[in-house]
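Novice: below are the sequence and a predicted model; questions follow.
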Amino acid sequence: WNSRAQTYATFFNKRERLGLTTALQYHPDARTDVSLDVLYGKLNNDRTSGVIGAAGTNGIAANNVTGTQVLTGVTFDDFNDIVGASFDHVDMRTESKVTHDQTTFWQAALNGHTDLSSNLRIDFLGGWSKSTFDSHYAQVLLEAVNKSYAFSGLNTGAPRTTYGFDITDASQWDLQGLETRADRITSEFYNSKAELAWTVGEGSTIKGGAGFKRFTNSGWQRKINPNYEDRPGNPDVPTSVLSDSTLAPYVIGDVAGTYALLGQSTIAGAANTVTGTAYDLLEKTYGAYLQYDLNTRLGGIGLRANVGVRYYHTDLGSSGSALVGGVLVPVNVTNSYDGFLPAANLAFDLSRSVVFRLSGNRNLSRPALNDMRAAGTLNLATFGGTVAAGNPNLAPFKADSVETSLEYYDGQRGSLAIGVFYKKMDSYITSETRLVAYDTTGYPAALLPPGVSPSVLVNYTRPINGPGA
């Protein structure tokens, strides 16, 4: 085994939080109560970071090390792990990045109830929330070619990296490339519900209700990464030496100055949207239920119970891109499903201290909406990285369960319970990961870092339904 990379990295974060809440209540009489709650939140995070590592064109961090690199020494521990090594003819790289993240969140909730009579009550609620996450960064990559370096002490508490040249000398470094990226994820949720409760008699209530939920989720990724490596006429870009809170000072590019000198924008626009990352997801669910609650006694035994059934109907739409025959093509997948979910819960109070419980129900497990987007998330590096794709064809699955328990309550010191349960699931959702060449994923080679071959291996991951779906 060998560590993927030996880097010194430094980052600084500045966070600002803002939160506002308000509440209104309408209480005209003892029978009616209505309240409105509104919340707003905002989080800003500004981050600057610097990194130095053997990640240039002829680097050590790739899966397949080919090029001018020469291994001049190596140290193994007792487990044949590499804990130290030295190299020559390696291209070193520094990265200087400025990142701004912002999350905004709104939420409003209206709920209330009114008693129509002494035994008839209506409860209602309505809610809305929306969150937007925006992130963008600008990064300057510098490269020092044909250098030597060594690392040691990976099996100690004080690992160390040394360099065969002056990493604080700006003349040793040339511009390799820029990377500009922007991401957005927006989610919006509507929820409404109304319930009518009829108290038939003492300890006996019938409830019926209906509800509606609407959820939307959308996002995209934009990226620009011009390559300046070995380009004739490259200007000397402004640099500085990173020295604060770092184990080894080194030269980094001045982000604002470099972008201005090269006439590049630090903002990636709509024209720079990465193929296969834009998606829109919509889920609408209609539901209705009927439930009977009971609290009575059977002879000397207390009985608490509720029995009911819920009906649901869900419509789902997912648009974006999917991999078909090694090519990303636009897709618009729609799906709908419905069914009934019965449930029963019984509790027998055998004495003041002993309770016997019995329950049975059917549950529906929906795929996470993030897993159903027709898009992918790319995290690429010189060693390859990952491509995480969604799967809009995921199906929900059901589970039937029965549970019983016998419980003893001391009343002062604690409780003791013994229980048995049985659950049968008709399927489940898992993930599939394959090691594939990047150029078979359908994403453009222009997204790769400078100097990385399109045939570099990446982990391609997507969620799938397990057996029984």
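Specialist: Good, I have the coordinates. Residues are numbered from 1 along each chain as shown.

Novice: could I get the phi/psi values of the residue nearest to the spatial centre of the chain?
Specialist: Nearest to the geometric centre of the chain sits residue 370, at 7.7 Å (CA atoms, centre = their mean). Note on residue 370: backbone dihedrals following degrees, to the nearest 10 are phi -60, psi -30.

Novice: pLDDT at it, what is it?
Specialist: With respect to pLDDT, residue 370 has a value of 76.

Novice: what about it, distance to residue 94?
Specialist: Applying CB to CB, to the nearest Å, the value for residue 370 to residue 94 is 34 Å. Every C-beta, even on glycine, is put in place using the N, C-alpha and C of the backbone.

Novice: next one: residue 388
Specialist: Applying CB to CB, one obtains 28 Å for the distance of residue 388 from residue 94.

Novice: looking at those two, which is more packed in?
Specialist: Between residue 388 and residue 94, counted using other CB atoms under 10 Å, residue 94 has the larger neighbour count: 26 against 18.

Novice: low-confidence stretches in the chain?
Specialist: By pLDDT under 70, the weakly predicted segments of the chain are 1, 62-65, 323-326, 468-469.

Novice: residue contacts, the residue lying farthest from the centre of it?
Specialist: In the chain, counting by CA atoms, centre = their mean, residue 299 sits farthest out from the average C-alpha position, at 54.1 Å. Applying CB atoms under 8 Å, 6 or more residues apart in numbering to residue 299 gives no contacts.

Novice: which phi and psi values does it adopt?
Specialist: phi 70, psi -120.

Novice: residue 226 and residue 298, how far apart?
Specialist: As judged by CB to CB, residue 226 and residue 298 stand 79 Å apart.

Novice: these two: who's more crowded?
Specialist: Neighbour comparison, residue 226 and residue 298: the larger count goes to residue 226, with 13 against 8 (by other CB under 10 Å).

Novice: the more buried one - nearest residue in space that isn't next to it in sequence?
Specialist: Once flanking residues are discounted, residue 226 sits nearest to residue 178: 5.4 Å by CB to CB, 6 or more residues apart in numbering.

Novice: ok, residue 452 next?
Specialist: Distances taken as CB to CB, 6+ apart put residue 382 closest to residue 452, at 5.6 Å, once the chain neighbours are dropped.

Novice: and that neighbour, what are its phi and psi?
Specialist: Residue torsions, per degrees, to the nearest 10, at residue 382 are phi -60, psi -30.

Novice: bridging residues for residue 332?
Specialist: For residue 332, the beta-bridge partners are residue 319 (DSSP bridges).

Novice: could you measure from it over to residue 136?
Specialist: Distance check for residue 332 against residue 136: by CB to CB, it reads 28 Å.

Novice: with neighbour numbers in mind, choose between those two.
Specialist: Ranked by neighbour count (other CB under 10 Å), residue 332 and residue 136 place residue 136 first, with 18 against 11.

Novice: burial count for residue 154?
Specialist: 17.

Novice: ok, residue 252 next?
Specialist: Around residue 252 there are 25 residues (other CB under 10 Å).

Novice: check residue 194 too.
Specialist: 14.

Novice: so it is in which element?
Specialist: strand 174-201 (DSSP states H and E).

Novice: residues of that strand that come out buried?
Specialist: Using 16 or more other CB atoms under 10 Å as the test for burial, strand 174-201 gives 174-183, 185-189, 191, 193, 195, 197, 199.

Novice: rewinding a little: gap between the residue farthest from the centre of the chain and residue 348?
Specialist: Taking CB to CB, one finds residue 299 at 11 Å from residue 348.

Novice: now do the strands in the stretch 151-300 of the chain.
Specialist: 160-163, 174-201, 204-224, 239-242, 250-253, 279-298 (DSSP state E, counting those that start in this stretch).

Novice: hmm, I was thinking of the stretch 301-450 of the chain
Specialist: Ranges of strands in the stretch 301-450 of the chain, per DSSP E, counting those that start in this stretch, are 301-324, 327-349, 354-365, 376-381, 384-389, 397-409, 415-425, 429-437.

Novice: who wins for proximity to residue 291 among those strands?
Specialist: With CB to CB, the closest approach to residue 291 among the strands of the stretch 301-450 of the chain belongs to strand 301-324: 3.3 Å.

Novice: so what does that closest one touch, helix or strand wise?
Specialist: Applying 3 or more CB pairs under 8 Å, 6 or more residues apart in numbering; DSSP states H and E, we find strand 301-324 packed against strand 279-298, strand 327-349.

Novice: name the stretch among these that sits most buried.
Specialist: When you average the neighbours per residue for each of the helices and strands packed on strand 301-324 (mean count of other CB atoms under 10 Å), strand 279-298 leads with a mean of 16.

Novice: elements contacting it?
Specialist: Partner elements for strand 279-298 (3+ CB pairs under 8 Å, 6+ apart): strand 204-224, strand 301-324.

Novice: by how many degrees do the longest one and strand 279-298 diverge?
Specialist: Strand 301-324 runs at 170 degrees relative to strand 279-298, counting by axes from the mean of the first three to the mean of the last three CA atoms, to 10 degrees.

Novice: now strand 301-324, how far from the centre of its chain.
Specialist: How far strand 301-324 lies from its chain's middle: 23 Å, per CA atoms, centre = their mean, to the nearest Å.

Novice: and the angle from that strand to strand 204-224?
Specialist: 20 degrees.

Novice: burial count for residue 5?
Specialist: A total of 18 residues lie near residue 5 under the criterion other CB under 10 Å.

Novice: look up how far residue 464 lies from the closest residue to residue 334 other than its chain neighbours.
Specialist: Leaving aside its chain neighbours, residue 334 sits nearest to residue 317 (5.0 Å; criterion: CB to CB, 6+ apart). Per CB to CB, residue 317 is found 20 Å from residue 464.

Novice: ditto for residue 143
Specialist: From residue 143 over to residue 464 (counting by CB to CB), the distance is 40 Å.

Novice: with neighbour numbers in mind, choose between these two.
Specialist: residue 143 (25 against 13).
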